[in-house]
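Engineer: need a 3D model of the following:
(4 chains)
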There are 2 protein chains.
Amino acid sequence: MHKKITVKDVALAAGVSRTAVSLVLNDKECNISENTKKRIKETAKKLDYVPNHIARSLATNKTKTIGVIIPNISNSFFAEIVRHIQIELNKSGYDIFLCDSDEQTKNDIKYIKLLSSRNVDGLILTMSAESLSEGNINNVKSVLEKTGVPFVLLDRYFVGNVPKVLVDNVGGGYNVCKYLIDNGHKDIGVITGPLSLNSSSDRLEGVIKALNENNLTLKKENIYSGNYDIETGRLGGEALLGKVKTIFAFNDMQAFGVIEAAKEKGLKIPNDFSLVGFDDTFYSQILETQLTTVRQPIKELAMEVCDLILKCIENPEYRKEIRLATDLIVRDSVKKL
Amino acid sequence: MHKKITVKDVALAAGVSRTAVSLVLNDKECNISENTKKRIKETAKKLDYVPNHIARSLATNKTKTIGVIIPNISNSFFAEIVRHIQIELNKSGYDIFLCDSDEQTKNDIKYIKLLSSRNVDGLILTMSAESLSEGNINNVKSVLEKTGVPFVLLDRYFVGNVPKVLVDNVGGGYNVCKYLIDNGHKDIGVITGPLSLNSSSDRLEGVIKALNENNLTLKKENIYSGNYDIETGRLGGEALLGKVKTIFAFNDMQAFGVIEAAKEKGLKIPNDFSLVGFDDTFYSQILETQLTTVRQPIKELAMEVCDLILKCIENPEYRKEIRLATDLIVRDSVKKL
DNA sequence: TAAAGTTAGTAAACCGATTTACTAAAGCGG
DNA sequence: CCGCTTTAGTAAATCGGTTTACTAACTTTA
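Structural biologist: This is a model prediction of the structure:
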């Protein structure tokens, strides 16, 4: 590998100043004759000149990078969203620094500071459940604001006038519950994730709303709260399957856990009990009985969050809150009563 | 947010030169009295000084960033590996630029160039199947080498004296086949991924080796080649389930496809036919009949690849090829004959 | 033809660090 | 007390771009 070509080399070869080279190659409005412009461009191409991002960043105070902090890339929802974010931002010349907080506040804070010191132009942030809890949120918020980096919250949010892109979880919960009621289900058990996450509290709100509209209530003992994992589903299944014949698990993982628990008890879906999940993970379709679940608009979320962060970078005062609807995917796991 | 503190500010506040500040804060060997050192450090802390990565990168010609190009972050194998890579590299002060090639050569090339122009210190690379095919590999290889950036191939490789971290797929295939033979299976069908990928060709090699050692052969018509996806599994299942009672799918996705195909035909595992997958994806455990499969040492792969890229950055001549063994995870999808 | 305007550029400062080469003062030996 | 070494530090160059302010030459206009 030979030495990298710099503006200086191009300028020398083209017989002009570095200024001219920079101006022309960046298509800046300037008083350079068409002839010279052409010569500079040709020289740059011939020398295979590639501008040095680092030097440019230092000069312009823009890095064309965006930090993405998510709680767990192994979760297919986040993996898919990151995939779309990367592809989308790349179209605008941005690259992403990916950080996985492992659902820990200390990492959220660490990575916010780190990305700020890397001078990212913006931050896309899905905070850990821990960070969003009463005791931590103010701390994280203050770290975030102190950096002065434009940011957009994605999926998980705290209240306040900050840009966010969200899923309409109230609507999602409502639709599931409405569907269950329409199919004759009245006594419903729910398995939630951490209630500090709006995804859980909002879905719960939607469920209650649908029930109330039909003069039904959600019994306290029919709520099992835990994490968004299979183990919680298993435990929730064990706890609820004695009491109810209908379970709404707030994500597919939990639903899979419920199925495991049901297997132990020899219960079959949908004859012995009905089940609804949330996320429409790939595997909900390949289950023995295909799972009725809710699809989140992942690609659209990614598009919106990219669009929004770019707007916020352009104008740090820009504020917008976007909430996207979910889709109820009806399959075979709910019995018509 | 107020203006960012720079070395200059610290120097001014501490009454020393910028040189002194830089020297002391970087713990460089230098002739600065303990007193002054202490004063500088305290001043820096008081002012909440955070060094500017960009400026440092320009000066040192090191960015402390590593580019990671993978074919599809939505594949849980890669998601998990990226997760570990990020965590591990972060310990050494590196951040990662994540790029998803979407299994396309043109993106491999685009991202290699792009990351090079971002001056990444190193590259971790799992190329697309397309790039590794006969017609493309030389092109990609030449782009890669022209950048001069140290790189390590991960999981998928081309032949040549370059650093790589691999899975012992020959051994993996061999172990599965040996296990099947030990259980009385003789007529085995296999569903492979793209044969341009060593993961497929190597597993196939292992299968054939095990068969040959037992004086058995693999019939050509019992091989179904396609992609590592559920659709290939479905098609392979349809094609093979008439001919054989034992199928080795080269990844779990394909195995799930086989199960779908079997459902159509009313066949049950393991009574009507036996099935083995590869990857030990989470979902292989929650199937009606738990899937016997092969676990890849994901975390170890990540650790090794991080270790190796750091060594290669330190010494670009460093060469090493690491091959990690797989684990056969025996569950319930293979019948003892 | 002198003043004003336009065209086609360039020199030099700047971004915020690191690093090399240098200096001033103090200490020390003889 | 002279010369040498050590100690404690600094000035200035550098990395590779961008950008501001300036100039020289050429055209117009009055």
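
Engineer: for the stretch 101-250 of chain A, what lies in contact range of chain B?
Structural biologist: Within the stretch 101-250 of chain A, the residues that sit near chain B (CB under 8 Å from any CB of the partner chain) are A:102, A:113-119, A:145-148, A:230. C-beta: built from backbone N, CA, C; applies to glycine.

Engineer: out of those residues, who's the most crowded?
Structural biologist: Each of these was scored for neighbours by other CB atoms under 10 Å in any protein chain shown, and residue A:115 scores highest at 25 neighbours.

Engineer: if we can go back for a sec, just the closest of the residues of the stretch 101-250 of chain A next to chain B to residue A:16, please.
Structural biologist: For these, the minimum distance to residue A:16 (CB to CB) is 30.6 Å, reached by residue A:119.

Engineer: what sits against the closest residue to that closest one other than its chain neighbours?
Structural biologist: Spatially, and ignoring its direct neighbours in sequence, residue A:119 is nearest to residue A:63 (5.0 Å; CB to CB, 6 or more residues apart in numbering or on different chains). Contacts of residue A:63 were listed using CB atoms under 8 Å, 6 or more residues apart in numbering or on different chains, and they are A:53, A:57, A:118-121, B:54.

Engineer: need the pLDDT of the residue in the stretch 101-250 of chain A that chain B sits nearest to.
Structural biologist: Taking CB to the nearest CB as the measure, the stretch 101-250 of chain A has residue A:148 as its residue closest to chain B, at 3.1 Å. With respect to pLDDT, residue A:148 scores 93.

Engineer: now do the helix or strand residue A:115 falls within: distance to the chain's middle.
Structural biologist: Using DSSP states H and E, the element containing residue A:115 is helix A:105-117. Helix A:105-117 sits 17 Å away from the centroid of its parent chain (CA atoms, centre = their mean, to the nearest Å).

Engineer: after it, next one along is what?
Structural biologist: strand A:122-125.

Engineer: check which helices and strands that following strand is in contact with.
Structural biologist: strand A:65-70, helix A:105-117, strand A:151-154, helix A:298-314 (3 or more CB pairs under 8 Å, 6 or more residues apart in numbering or on different chains; DSSP states H and E).

Engineer: any chance you could map the helices in chain A?
Structural biologist: Counting by DSSP state H, chain A has helices at residues A:7-14, A:18-25, A:34-47, A:53-60, A:76-91, A:105-117, A:129-132, A:137-147, A:169-182, A:198-213, A:230-240, A:252-265, A:298-314.

Engineer: adding distance to residue B:321, write those out as CSV.
Structural biologist: CSV is the format used below for these (distance: least, CB to CB, whole Å):
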stretch, distance to residue B:321
helix A:7-14, 38
helix A:18-25, 41
helix A:34-47, 36
helix A:53-60, 32
helix A:76-91, 29
helix A:105-117, 33
helix A:129-132, 41
helix A:137-147, 42
helix A:169-182, 48
helix A:198-213, 44
helix A:230-240, 37
helix A:252-265, 37
helix A:298-314, 37
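
Engineer: thinking again about what came up before, which of the contacts of residue A:63 has the most neighbours?
Structural biologist: Using other CB under 10 Å as the neighbour test, those are led by residue A:120, with 29 neighbours.

Engineer: who are the contact partners of the closest residue to that one other than its chain neighbours?
Structural biologist: Among residues not flanking residue A:120 along the chain, residue A:67 sits closest, at 4.2 Å (CB to CB, 6+ apart). Shown in contact with residue A:67 (CB under 8 Å, 6+ apart): A:96-97, A:99, A:111, A:115, A:118, A:120, A:122-124, A:149.

Engineer: do the same with residue A:139
Structural biologist: Here residue A:139 is in contact with A:105, A:109 (CB under 8 Å, 6+ apart).

Engineer: ditto for the one 4 residues further on
Structural biologist: Residues touching residue A:143, when contacts are defined by CB under 8 Å, 6+ apart, comprise A:109, A:112-113.

Engineer: can you tell me which residues in the stretch 1-150 of chain A are near DNA strand C?
Structural biologist: Neighbours of DNA strand C within the stretch 1-150 of chain A, by CB under 7 Å from any atom of the strand: A:15-20, A:23, A:30-33, A:35-36, A:55, A:58-59, A:61.

Engineer: contacting residues for residue A:170?
Structural biologist: Neighbour list for residue A:170: A:202-203, A:205-206, A:209 [criterion: CB under 8 Å, 6+ apart].

Engineer: mind redoing it with 6 Å?
Structural biologist: A:202, A:205-206 (CB atoms under 6 Å, 6 or more residues apart in numbering or on different chains).

Engineer: just the buried residues of those residues.
Structural biologist: Taking 16 or more other CB atoms under 10 Å in any protein chain shown as the criterion, what is buried in these is A:202, A:206.

Engineer: would you mark the buried spots in stretch A:155-167?
Structural biologist: Result for stretch A:155-167 [16+ other CB under 10 Å]: buried residues A:155-158, A:162-167.

Engineer: re the thing from before, can the contacts of residue A:143 go into JSON lines with extra columns for pLDDT and distance to residue B:268?
Structural biologist: Shown next, in JSON lines, are the contacts of residue A:143 (pLDDT from 0 to 100; distance: CB to CB, whole Å):
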{"residue": "A:109", "pLDDT": "97", "distance to residue B:268": "52"}
{"residue": "A:112", "pLDDT": "97", "distance to residue B:268": "52"}
{"residue": "A:113", "pLDDT": "95", "distance to residue B:268": "55"}
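
Engineer: and of the residues you listed, the nearest to residue A:243?
Structural biologist: Using CB to CB, the contacts of residue A:143 come closest to residue A:243 at residue A:109, 40.9 Å.

Engineer: quick one, what contacts that closest one?
Structural biologist: Residue A:109 touches residue A:143, counting by CB under 6 Å, 6+ apart.

Engineer: no further questions, thank you.
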